[in-house]
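Trainee: from the sequence below, what's the structure:
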Amino acid sequence: MTSPSEEHHETPLPVELPLDEYTSTADVPLTTQVFRFGVTGGLSAIVDFGTLLAFLAFGLPFWLAKSISFILGTTTAYMINRRWTFKAPHSNARFFAVVALYGVTFALQVGISTALYHYFPADAWWRVPVAFVIAQGTATVINFIVQRTVIFKIH
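Mentor: The predicted model follows:
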């Protein structure tokens, strides 16, 4: 018989993202996907907006800074969404579909944010963040709908 001080208690393992086990997109509830997409989008938006501000501080033209920051942010989003949000294994067909989707949202995001940046008063401190949020919001809605209904159903 062991005394209470001799009892063995297992330390619980840390919570890990299920990055190696894939299930069908249909097996992940919509609410879970929306939540995960939101978390991933938040992280990707930080990458996008942070690099946008950094490139603007280095004197790059807005359209070029936004183009580069978009590529960095969407690459981050795809890598996380594929494995965590939609739990999908690698697929060349899916990858090329995402590239096509991101091409469309790239044009929308850079176009909308650049147009708004130049439309808003040049001395307005809020023109970069407001242009970013409007363009990002538009692209996010389109990305989620197309990824959930088309891209992550490709096998």
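
Trainee: what's the pLDDT at the spatially most central residue of the chain?
Mentor: Residue closest to the average C-alpha location in the chain (CA atoms, centre = their mean): Ala77, at 2.9 Å. Note for Ala77: predicted pLDDT of 89.

Trainee: quick check: it touching Ser44?
Mentor: Yes. With contacts counted by CB atoms under 8 Å, Ala77 reaches Ser44, the gap being 3.9 Å. Every residue, glycine included, has its C-beta placed from N, CA and C.

Trainee: tell me where the model's unsure across this structure.
Mentor: Across the chain, the ranges flagged by pLDDT under 70 are 1-26, 155.

Trainee: report the separation between the residue nearest to the centre of the chain and Trp125.
Mentor: Taking CB to CB, to the nearest Å as the measure, Ala77 and Trp125 are separated by 27 Å.

Trainee: give the buried residues for stretch 29-42.
Mentor: By 16 or more other CB atoms under 10 Å, the buried positions in stretch 29-42 come out as 33, 36-37, 40-41.
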